[in-house]
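J.: Need coordinates for the below:
(4 chains)
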There are 2 protein chains.
Amino acid sequence: MRIGELARQSGTTTRALRYYESLGLLRARRGANGQREYDEADLRLVTEIRSLTGIGFALEDTRPFVECLRDGHPSGDACPASVAVYRRKLAELDECIERLEAARSRVRTQLAEAEKRSRPCAR
Amino acid sequence: MRIGELARQSGTTTRALRYYESLGLLRARRGANGQREYDEADLRLVTEIRSLTGIGFALEDTRPFVECLRDGHPSGDACPASVAVYRRKLAELDECIERLEAARSRVRTQLAEAEKRSRPCAR
DNA sequence: ACTGGACTTGACGTCGGCGTCAAGGCGGAG
DNA sequence: CTCCGCCTTGACGCCGACGTCAAGTCCAGT
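T.: Below is the predicted model of the structure:
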C-alpha cells in the first residue's frame, strides 16, 4: 500500500505520515520507483499514534508505544516505557484538570459578582 | 512612571508591555524624549490583563475588560461584553475539563489493562 | 501522445505570547 | 569624558503538528 492509501485507511493525511517518518516514528520501505511502501503493520503503528494523539498525547509520547509494537508486542502498551508514559500523562491530566477547575471556580465567582453589581435588586 | 517601573510594579516585562501596546490593549503617552509615560490607571489596566491571563484568558479576551476600565468603570467586568467573555470562557472551561476527564478515564483504563497483562497473577 | 492523479523533496506559513539580540539614543554620576 | 542603566525600534526565534505551495517524477487510462 502506498502513502495515500495508508492516509485514507488511518484517517490522516500524507503530510502527517511523512512528518511521522521525519521524526522516526514511521519507517517506510521504498519501491523501485522510490515511492514509500507500507503494510498492515505500518497501519497498526499509525493507528496507535492516532489513537494516542487523539487522547491528547504528544507525538513524542507515542514513541515508546510505537517501538513496543515494532518489537513484536501485540499491544503498544505492553512495555514498561509505555506504561511510564501512561503514568506521567495521568499526572499531567490530574494537574491540568485541577488548574482548570480552579480557574472555572474563579470565573464563576467573578461572573456572579459582576451580575450582582449590574442587577443589585434582581428579582 | 516609565516602562521599566510599570513592568516591575505589574510583575511582567517591558517586552510584554510593548506587546500589549502593539495589540492596542495599552496606550502610552510619550515624554519629551520619546519615552513612554504611564500612570496609576495604566497600572490598573495591566493588572487586569495579568490577572485574567493568569486564569487562562487569551490576550484578546482581556480587551473588553480593558476597554471597560478605560470607559471609567471601577471594575473591568462591569460591562456586558466582559460578562459575555466570562460566560464564553466558562463554557470553554466546562468543555475542556470534560474532554480531559474523558481522556483521563481512558488512560486509566488503558493503564489498568496494561498492568493486568504484565502481571497476570498479581498478588 | 496526452491527461490526470498520486507520488517525491524542500521550504515557508500558521497560531500566541512573548524572549532575545542588534544597534543605537538619552541622561545622570563619577 | 566615560560609563552605566534605562529607553527606543526592528526583527528573528521558539514550541507542535502539521498545511500549503512549488516543481518535478511516475504510472495508468484513453
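J.: from here on, contacts and neighbour counts on C-alpha atoms
T.: OK.
J.: How are the strands of chain A distributed by residue range?
T.: Ranges of strands in chain A, per DSSP state E, are A:29-30, A:36-37.
J.: Could I get these in JSON lines, plus columns for mean pLDDT?
T.: Formatted as JSON lines, the strands of chain A follow (pLDDT from 0 to 100):
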{"stretch": "strand A:29-30", "mean pLDDT": "96"}
{"stretch": "strand A:36-37", "mean pLDDT": "97"}
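J.: mind giving me a markdown table with these and columns for mean neighbour count and distance to DNA strand D?
T.: Output for the strands of chain A, formatted as a markdown table (neighbours: other Cα atoms under 10 Å in any protein chain shown; distance: least, Cα to the nearest atom of the strand, whole Å):
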| stretch | mean neighbour count | distance to DNA strand D |
| --- | --- | --- |
| strand A:29-30 | 12 | 12 |
| strand A:36-37 | 16 | 12 |
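J.: can you redo those strands as CSV with distance to B:T53?
T.: As requested, those are exported to CSV (distance: least, Cα to Cα, whole Å):
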stretch, distance to B:T53
strand A:29-30, 48
strand A:36-37, 46
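J.: Nearest to DNA strand C: which residue in chain A?
T.: A:G4 (3.2 Å; Cα to the nearest atom of the strand).
J.: Next one: that residue, what pLDDT does it get?
T.: Looking at A:G4, its pLDDT is 97.
J.: doesn't A:D42 make contact with A:R29?
T.: No - A:R29 is beyond contact range of A:D42, at 10.4 Å (criterion: Cα atoms under 8 Å).
J.: sorry, back to before: now the strands of chain A in JSON lines, with distance to chain B?
T.: Below are these laid out as JSON lines (distance: least, Cα to the nearest Cα, whole Å):
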{"stretch": "strand A:29-30", "distance to chain B": "31"}
{"stretch": "strand A:36-37", "distance to chain B": "31"}
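J.: Relative to A:R18, which of these is closest?
T.: When the strands of chain A are compared by Cα to Cα, strand A:36-37 sits nearest A:R18, at 9.7 Å.
J.: which ones are touching the residue sitting nearest the centre point of chain A?
T.: Centroid check for chain A by Cα atoms, centre = their mean gives A:T53 as the closest residue, at 0.9 Å. Taking Cα atoms under 8 Å, 6 or more residues apart in numbering or on different chains, we find A:T53 in contact with A:59, A:62.
J.: Quick check: it vs chain B, distance?
T.: 11 Å (Cα to the nearest Cα, to the nearest Å).
J.: Now do the contacts for A:E67.
T.: A:G76.
J.: ok, now which ones touch A:T13?
T.: Contacts of A:T13 (Cα under 8 Å, 6+ apart): A:4, A:7.
J.: Could you report the separation of the residue nearest to the centre of chain A from B:V85?
T.: Separation of A:T53 from B:V85 (Cα to Cα, to the nearest Å) stands at 30 Å.
J.: cool, A:R70 as well?
T.: Remark: distance between A:R70 and B:V85 (Cα to Cα) = 48 Å.
J.: Low-confidence bits of chain A, can you list those?
T.: A:121-123 (pLDDT under 70).
J.: wouldn't A:A114 be in contact with B:A81 here?
T.: No - applying Cα under 8 Å as the test, A:A114 and B:A81 come out as separate, 11.5 Å apart.
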